[in-house]
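Chemist: Sequence first, then the predicted structure, then my questions.
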Amino acid sequence: MSNTLIQQTSIPSQLACGTSRHGLPDNDMERNPFGYQPWRDNRSFNAMFDILEADIVIFQETKIQRKDLRDDMVLVPGWDCYFSLPRHKKGYSGVVIYTRNETCTPIRAEEGITGLLCSPNSTTPYRHLPDDQQIGGYPSMEQLSDLQVDPAVLDCEGRCVILEFPAFVLLGLYCPAARDETRDDFRQGFINLLDARIRNLVSMGKRVIVTGDLNISVGEIDSAHLTEAIRKGTGSEDEFVSSPVRRVFNQLVEGAKVVGQRDPAREVPVLHDICRSFHPGRRGMYTCWETRVNARPGNYGARIDYILSSLDMKDWWSEANIQEGLMGSDHCPVYATFKDKISLEGNEIDIKDIMNPPGVFKNGIRQREYSTKDLLPLSGRLIPEFTQRRSIKDMFTRKPSSSLKDSVTPITNVVDEESAPTPPESTITNSAEPFQSPSKPGLYKTQSNASNASSNGLSKRTRKESAPAPPPKRSKSRGKLDTNTTSKGQQSLIGFFKPKKTQDNQDTNTTQEISDRGLDGAFTISPTKSISQVLPSPHKPTPTSQTTAQDDGSTTESTDETVIDPIVSKESWSKLFTKKATPKCEEHQEPCIMLTTKKPGINCGRAFWMCSRPLGPTGQKEKGTQWRCKTFIWASDWNGQE
């Protein structure tokens with residue numbers, strides 16, 4: 001199997017695998033790809049990776065916390081994983097890289113782009129480790145000082161995992177999106193440090209692969225919004241590529257448009273756009289679509305997910321493309337496939353030889369098996385909650401150690417011990433030491449325990465039978481319930497059903513009067529009287545029919561004249577609570593969908609009806625086409641009639 005890189009985000013809900021969120025829709029781990037084909041048939045990461053035919057899988061925007069990690073996310077059979085999770089914000093950002101142990105094993109792993117974070121179980125930042133233990137290429141102090149934001153803050157949101165293989169350094173990224181103007185400094189600082197780290201690695205002579213949701217479109221061909229703006233005359237590509245973040249990114253990528261002179265220290269590009277190189281003139285090759293307006297069916301989106309490599313790796317690739325047909329997120333996966341054999345320094349080398357530590361593969365043939373010694377400190381399998389865990393398969397295949405065999409006695413010895421003759425009753429009665437069961441009962445009994453039992457002359461069964469039976473718990477709780485206490489704690493269940501005691505003599509007289517009357521008394525209810533006026537109150541005696549008629553000043557004849565039709569009453573109530581009919585759109589005469597306004601303003605929170613069809617390629621509502629029409633009705637204005 002060739003080594004394939006799959007870029008996608010958000011994990012599974014429940015890692016939530018949400019976007020390139022092919023894992024999750026850009027949201028949470030509860031909304032994961034396992035609800036869609038082809039993942040739903042076998043809901044596991046192992047099956048997903050096999051379907052993708054991948055050896056390295058990168059998820060972005062996992063939106064998960066460490067406490068929510070599960071065995072099926074971390075202990076994937078045959079795979080290792082490396083997480084970067086946000087330090088402070090919950091359900092936010094996050095990156096994870098999975099590697100298939102059968103084909104590739106990294107030699108170093110780090111979190112963050114600054115090198116200021118520390119390795120797990122260490123207090124030494126990555127950038128201060130010995131040279132043979134660090135990946136290198138860290139931004140210099142001068143580059144860090146030019147930022148408008150604290151460098152340590154940039155790496156606290158779980159946006160970067162870096163793995164080093166003998167062949168290259170792999171960066172899995174989730175770059176900040178341009179949604180909030182208050183975060184512009186953070187976004188600019190992140191892309192500046194990323195540019196510095198990549199260029200520093202290249203200057204060290206290391207090859208680099210950059211993957212992830214970068215939240216940046218290179219140019220007009222990668223943005224449906226810009227294409228439509230240019231068509232309408234409301235925007236231009238020069239203005240688009242001149243935004244500060246995009247300008248830095250475009251100076252990294254070969255062939256990307258840069259307006260004017262290049263910036264100092266960015267005179268030459270260092271990265272190659274693999275997917276675009278295989279499809280140079282392809283339009284509509286988008287990887288992300290807006291879910292709120294259902295823009296994916298009409299392919300109104302943007303290409304913001306990439307696999308980029310160093311310029312000297314152009315000939316390493318056999319294929320690259322997007323997988324727009326794979327659902328489960330608002331992004332789609334992007335993949336690139338290595339050739340089985342590549343040319344390196346004039347020699348033809350099997351790709352597996354340089355995707356693993358030295359000596360693991362030779363000419364594409366494995367020389368030694370993968371073991372736990374190959375685990376790196378950042379590996380998810382070494383997280384305290386998951387380390388030294390065994391799978392069900394291990395439970396059936398792993399043999400017990402020899403020391404365990406020597407220290408245990410077969411279960412037949414326990415049976416022989418229990419069948420020993422019971423000592424005299426007087427011995428049991430005079431025994432002063434209470435019986436204590438072993439702290440960890442098991443299937444086997446050690447020799448020392450067996451000798452102790454025989455010396456005591458008591459078997460488990462004899463001790464158990466001699467122990468006095470504890471009093472039933474029911475009598476204990478009953479005693480508590482029957483005891484009257486004056487505490488102000490929670491009321492007991494019996495107290496809940498007991499009638500409250502009153503000191504009102506009038507209540508007693510009323511109760512007695514009602515009981516004396518029996519149930520033969522008849523009440524005449526006047527239509528002008530309310531129910532509260534007629535029904536007896538707790539503090540008033542129930543009036544007789546004669547008294548009610550006199551107080552009302554009416555006769556039974558006037559009462560009979562007002563008749564309440566139960567059918568009419570039922571219809572009026574049903575009409576009041578019946579849901580209004582769904583309106584149909586003007587163009588297609590199809591049922592509309594109801595949405596709620598979330599835009600701040602006077603209409604925030606108001607519901608409205610609109611055409612249920614998706615937006616077309618223009619991203620606008622259209623007339624006389626198969627795409628979304630201009631139907632719009634406020635829910636408060638709709639009376640439920642066509």
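Modeler: Structure's in. What do you need? Numbers count the residues shown, from 1 in each chain.

Chemist: Residue ranges of each domain in the protein, please.
Modeler: 4-382, 574-642 (automatic domain parsing).

Chemist: and the longest one, average pLDDT?
Modeler: If I follow you right, that is domain 4-382. Here domain 4-382 scores 88 as its mean pLDDT.

Chemist: what's the answer for the last one, then?
Modeler: Over the span of domain 574-642, the pLDDT mean works out to 80.

Chemist: Against T291, how distant is F249?
Modeler: Separation of F249 from T291 (Cβ to Cβ, to the nearest Å) stands at 25 Å. Every C-beta, even on glycine, is put in place using the N, C-alpha and C of the backbone.

Chemist: Same drill for the two, tell me which one is more crowded.
Modeler: Counted by other Cβ atoms under 10 Å, F249 and T291 do not tie: F249 has more neighbours, with 24 against 15.

Chemist: I'd assumed that one was in a strand, is it?
Modeler: No: using DSSP: H, G, I helix; E, B strand; the rest coil, the secondary structure at F249 is helix, not a strand.

Chemist: quick one, what contacts it?
Modeler: Counting by Cβ atoms under 8 Å, 6 or more residues apart in numbering, F249 makes contact with 191, 195, 214, 216, 218, 256.

Chemist: so what's P166 closest to, chain neighbours aside?
Modeler: I354 (4.7 Å; Cβ to Cβ, 6 or more residues apart in numbering).

Chemist: check contacts around that neighbour.
Modeler: Contacts of I354 by Cβ under 8 Å, 6+ apart are 165-167, 344.

Chemist: now the contacts of F249 in a markdown table, with secondary structure and neighbour count?
Modeler: As requested, the contacts of F249 are arranged in a markdown table below (DSSP: H, G, I helix; E, B strand; the rest coil; neighbours: other Cβ atoms under 10 Å):
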| residue | secondary structure | neighbour count |
| --- | --- | --- |
| I191 | helix | 21 |
| D195 | helix | 21 |
| L214 | coil | 24 |
| I216 | coil | 23 |
| V218 | coil | 22 |
| A256 | coil | 20 |
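
Chemist: which of those lies closest to G94?
Modeler: Nearest to G94, judged by Cβ to Cβ, of the contacts of F249 is L214 at 15.7 Å.

Chemist: Next, count neighbours for T105.
Modeler: 21.

Chemist: Also the one 10 residues further on?
Modeler: Each residue near G115 was counted by other Cβ under 10 Å, and the total is 24.

Chemist: Likewise for I56?
Modeler: 27.

Chemist: That one against P106, yeah?
Modeler: No: taking contacts as Cβ atoms under 8 Å, I56 lies outside contact range of P106: 9.5 Å.

Chemist: Find residues that contact each of the two.
Modeler: The overlap between the contact sets of I56 and P106 (Cβ under 8 Å, 6+ apart) consists of 99, 170.

Chemist: still on that earlier bit, next, format the domains of the chain as JSON lines and append distance to D565.
Modeler: Below are the domains of the chain laid out as JSON lines (distance: least, Cβ to Cβ, whole Å):
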{"stretch": "domain 4-382", "distance to D565": "48"}
{"stretch": "domain 574-642", "distance to D565": "14"}
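
Chemist: which one of those lies closest to I564?
Modeler: domain 574-642 (16.0 Å).

Chemist: Surely W39 touches A47?
Modeler: Yes: contact criterion Cβ under 8 Å: W39 and A47 qualify, at 7.5 Å.

Chemist: ok, those two, which is more surrounded?
Modeler: Set side by side, W39 and A47 show more neighbours around W39, with 24 against 14, by other Cβ under 10 Å.

Chemist: That one in helix, strand or coil?
Modeler: Assignment for W39 (three-state DSSP): coil.
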